[in-house]
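> make a model of this:
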Amino acid sequence: MSIRPSDFTKVVHAGVEPDPRTGAIMTPIFQTSTYVQEAPNQHKGWDYSRAGNPTRDALEEAFAALEGAKYGLAFSSGLAAEQAIIQILNPGDHVLVCDDVYGGTGRLFRRLFAKYNLTFEFIDMTAVKNVEAAIKPNTRLVWIETPTNPLLKVIDIAAVTKLAHQASALVVVDNTFASPIFQSPLEMGADIVVHSTTKYIGGHSDIIGGAVMMNDDKLYEQIKFVQFAGGAVPGPFESFLLLRSVKTLAVRMEKHDANALTVARYLAEHSRVKEVFFPGLPSHPQHALAKKQMRGFAGMVSFNLKGNYDEVVSFLQKLKVFSLAESLGGVESLVNHPEKMTHASVPEEMRKQLGIGPNLIRLSCGIESADDLIKDLDQALKS
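Below you'll find the model as predicted:
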């Protein structure tokens with residue numbers, strides 16, 4: 001794990017300037033819906049908070065800085081951010097999507113956007129040849145999530161991007177699991193980065209949010225228009241809280257990463273565990289690629305527990321430090337059962353093909369003592 005030293009400084013200062021009127025070191029919460037104008041369409045840069053708000057502006061500057069992007073846009077949720085990206089497409093367009101993708105993303109594509117004559121094809125992108133074979137003349141977008149959710153597969157961003165660009169398709173990378181601290185998709189050629197800021201960027205399980213980052217002027221104008229016209233924006237208070245969270249992102253990710261590696265190593269040696277999925281383990285099929293394109297592996301660990309479903313439920317209920325809940329990336333450790341929870345909307349046949357079954361468990365390792373996390377897992381596995 002090698003966080004860039006400059007990232008510790010960047011996250012503290014990203015998007016934040018002392019308030020020129022008061023000198024306040026934290027960006028104020030501009031809790032207003034509208035702004036007084038000197039004359040019709042003559043204002044100080046803001047006319048209505050759906051279009052823009054000074055607190056949100058600071059947050060969007062911070063988002064851009066995190067990903068080393070020219071532009072950042074804030075949304076009311078990660079799915080709202082994804083929806084805005086898809087809305088720049090046209091009927092008849094074809095989208096390639098990695099197969100092991102967040103359940104809500106797949107549901108959004110299959111249940112909402114497919115009826116607008118958009119085609120979404122889900123494929124295993126860990127083999128780049130699969131992408132090459134699946135690209136069609138009308139492929140306009142390639143959607144990568146890496147590491148994937150919940151099986152933590154790693155996709156070669158640079159290689160897939162090269163193929164996509166040869167076909168004049170855009171590449172979106174969902175960077176939520178890695179965070180901007182551990183992975184920089186734009187540096188590898190991706191066109192758009194998307195985050196659920198509910199997760200690591202928010203980091204405290206108290207905010208719902210999303211972000212889109214990009215360098216291209218045209219893409220920015222297109223997605224900015226969707227943000228304005230659709231109106232799925234965060235309020236000033238949520239923007240303020242996210243700005244606060246950004247400041248500690250690097251130090252939190254350092255601890256998430258260390259804890260996850262400790263937990264993964266422990267589980268890999270346990271007799272009641274059949275298989276562990278964590279890119280930081282040498283046994284992971286894409287470990288070498290993960291080391292190449294990531295600076296750390298973050299805090300997600302998935303594994304298959306031996307035994308029947310009742311034993312899996314018993315294990316989940318006996319955990320004390322890990323809480324059984326949806327979501328991830330908070331300072332507290334969470335445990336999730338993908339088949340019944342986050343990925344229940346994935347078609348059953350697809351779940352079976354992917355290996356999302358009754359024995360699969362996904363951990364989000366928080367920033368508690370690693371010893372306490374191991375003790376908690378150990379007592380639940382023993383009992």
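> hmm, who's touching the helix or strand of the chain with the lowest mean pLDDT?
Taking all helices and strands of the chain together, the one with the lowest average confidence (mean pLDDT, DSSP states H and E) is helix 5-13, at a mean of 92. By Cβ atoms under 8 Å, 6 or more residues apart in numbering, the list of residues contacting helix 5-13 from outside reads 65-66, 181, 246-251. (Glycine included, C-beta is placed from N, CA and C.)
> out of these, which are buried?
Among these, those scoring as buried are 65-66, 181, 246-247, 249-251 (criterion: 16 or more other Cβ atoms under 10 Å).
> tell me which of the residues you listed is nearest to H195?
L66 (8.7 Å; Cβ to Cβ).
> all helices for the stretch 1-150 of the chain, in order.
Here the stretch 1-150 of the chain has its helices, by DSSP state H, counting those that start in this stretch, at 5-13, 54-66, 78-86, 103-107, 128-134.
> make that the stretch 251-383 of the chain, sorry
Counting by DSSP H, counting those that start in this stretch, the helices of the stretch 251-383 of the chain are 287-293, 309-318, 348-354, 370-382.
> show me what counts as buried in the last one.
Right, helix 370-382. Neighbour counts using 16+ other Cβ under 10 Å place 370, 373-374, 376-377, 380-381 of helix 370-382 among the buried residues.
> over to the second one?
With burial defined by 16+ other Cβ under 10 Å, the residues of helix 309-318 counted as buried are 312, 315-316.
> of the contacts of helix 5-13, which belong to strands?
Assigned to strands by DSSP state E, none of those qualify.
> format those residues as CSV; extra columns: distance to T55 and pLDDT.
Rendered in CSV, the data for these read as follows (distance: Cβ to Cβ, whole Å; pLDDT from 0 to 100):
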residue, distance to T55, pLDDT
A65, 16, 97
L66, 17, 97
I181, 23, 98
V246, 13, 98
K247, 15, 97
T248, 18, 98
L249, 18, 98
A250, 22, 97
V251, 23, 98
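> and the furthest pair within those?
Most distant of these, by Cβ to Cβ, are A65 and V251, 16.7 Å apart.
> now distance to P20 too, for the helices of the stretch 1-150 of the chain, in TSV please.
Output for the helices of the stretch 1-150 of the chain, formatted as TSV (distance: least, Cβ to Cβ, whole Å):
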stretch	distance to P20
helix 5-13	16
helix 54-66	11
helix 78-86	30
helix 103-107	40
helix 128-134	49
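> could you tell me the least trusted of those?
When these are compared by mean pLDDT, helix 5-13 comes last with a mean of 92.
> before we move on, back to that, out of the buried residues of helix 370-382, the closest to P234 would be?
P234 lies nearest to L373 out of the buried residues of helix 370-382, by Cβ to Cβ, at 31.5 Å.
> that closest one against C365, yeah?
Yes: with contacts defined as Cβ atoms under 8 Å, L373 counts as touching C365 at a distance of 6.4 Å.
> common neighbours of these two, please.
Looking at what touches both L373 and C365 (by Cβ under 8 Å, 6+ apart), the common residues are 259, 263, 333.
> what is the neighbour count of the closest residue to the last one other than its chain neighbours?
Counting by Cβ to Cβ, 6 or more residues apart in numbering, S333 lies nearest to G366, which is 3.9 Å off, once chain neighbours are set aside. Here the count is done by other Cβ atoms under 10 Å, and G366 has 25 residues near it.
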